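Colleague: mind looking at a prediction? Sequence and model below.
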Amino acid sequence: MTVKQIAAELKLWDQITVAVENSLLDISAAELLAQIGAIPIKKSWATRRLGAYVTLGDKPLCIRLQMAQEPENLKQTLLHEVAHACDHLSNHNRNKRPRLIHGPGWKAWAISLGIAPQRCGESAALKQLHHERLKLVARCKKCGAEINRLRRLNKNRTYIHNNCGGKLERF
């Protein structure tokens, strides 16, 4: 799937088109819309991140979206990542200084796309999913505290519990 397909499905493509047409000064809106619309959307398995705009140098690779979030959150997340794409694709030739990820350029695009220019969002559904995926990976031999994580601990290391200094027993 691409940005244009998902945006059309969520009834957001017209909103993106209007924002791009109203915000561009020196490059073609049709050209930028074609570039943005062609960016692939990939399903993310992350439970701590709602979405991510992924690039390799000057080229956008994809937008990763966590589809398990609430429908309204999904719309906001897609628009947030499209703001990153707009900022990146409209400014990458203009100056040689590094872009600030959530800097003034991104904030202007976020506002023109009709979303709040905030860095992070939250999803109750993702918090629940993250909590369900946690598994017991270790227990402190000294105080008995249990350590829950998504990934197991490395077998080749010895771990010490930060709170009491006791050795952790891996499972």
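Modeller: Sure thing, it's come through.

Colleague: report how many residues lie close to the nearest residue in space to residue 65 that is not next to it in sequence.
Modeller: Nearest in space to residue 65, with sequence neighbours left out and distances taken as CB to CB, 6 or more residues apart in numbering, is residue 51 at 4.8 Å. Every C-beta, even on glycine, is put in place using the N, C-alpha and C of the backbone. Counted by other CB atoms under 10 Å, the residues lying close to residue 51 total 24.

Colleague: residue 51 against residue 62, yeah?
Modeller: No: with contact defined as CB atoms under 8 Å, residue 51 does not count as touching residue 62 (10.6 Å).

Colleague: quick one, what contacts the residue nearest to residue 65?
Modeller: 44, 63, 64, 65, 66, 77, 78, 80, 81 (CB atoms under 8 Å, 6 or more residues apart in numbering).

Colleague: same thing but at 6 Å, please
Modeller: 65, 77, 81 (CB atoms under 6 Å, 6 or more residues apart in numbering).

Colleague: what's the answer for residue 121, then?
Modeller: Here residue 121 is in contact with residue 50 (CB under 6 Å, 6+ apart).
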